[in-house]
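K.L.:
No sequence on hand, only this structure:
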């Protein structure tokens, strides 16, 4: 167990805390927890590279921690109406499509590396910004997402769809390259 993996585990443990705070209407506390989780996301990758502590478990846990944080946040915030339902459907659908794709590659014994693409990193940043904006607007009574955050919602949707198609294209390429019959 190394420092980057401990930070990733902390992010996973912060997910239920965030959800509980949102459910209880403690939005400012939820925002603090979400920001702390975001810091662990930035730190674990940075430290893994700088300290040369990249691990196989970290390669699997980090994206799972991100997915748990993003999916949970989007679901509870869309239930409250702070994030549009359609955006939550897009975000969750993309993650499910990626999960199905990875499962297909695994069960067909197609080798592949678990590493995020640049479109995926940009998508994650935008998704974090969308959650941040929604929580920030909930922290300020009477304030609704302004034009900046509405724009972030649309950009998040666009990048989520684009990165989903990039992953699909990558999966199809890996299947073709493997020579396995689909």
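P.N.:
All right, it came through fine. Quantities reported herein were computed from a predicted structural model and do not represent experimental measurements.
K.L.:
What segments of the chain are helices?
P.N.:
Defined through DSSP state H, the helices belonging to the chain, from first to last, are 3-23, 27-50, 56-79, 85-107, 118-139, 147-178.
K.L.:
Using CSV, please lay out those together with mean pLDDT.
P.N.:
Supplementary listing: the helices of the chain in CSV, determined by pLDDT from 0 to 100:
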stretch, mean pLDDT
helix 3-23, 95
helix 27-50, 92
helix 56-79, 92
helix 85-107, 93
helix 118-139, 92
helix 147-178, 91
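K.L.:
Please identify the most buried of these.
P.N.:
helix 118-139 (a mean of 20; mean count of other C-beta atoms under 10 Å). C-beta coordinates here come from the backbone N, C-alpha and C atoms, glycine included.
K.L.:
any idea of the angle that helix forms with helix 56-79?
P.N.:
40 degrees (axes from the mean of the first three to the mean of the last three C-alpha atoms, to 10 degrees).
K.L.:
chain center to helix 118-139, what's the gap?
P.N.:
Relative to the chain's own centre, helix 118-139 is displaced by 9 Å; criterion: C-alpha atoms, centre = their mean, to the nearest Å.
K.L.:
Residues touching that helix, excluding its own?
P.N.:
Counting by C-beta atoms under 8 Å, 6 or more residues apart in numbering, the neighbours of helix 118-139 from elsewhere in the structure are 22, 27-28, 30-31, 34-35, 38, 41, 66, 70, 73-74, 77, 80, 82-83, 87, 91, 94, 116, 143-146, 148-149, 152-153, 155-156, 159-160, 162-163, 166-167.
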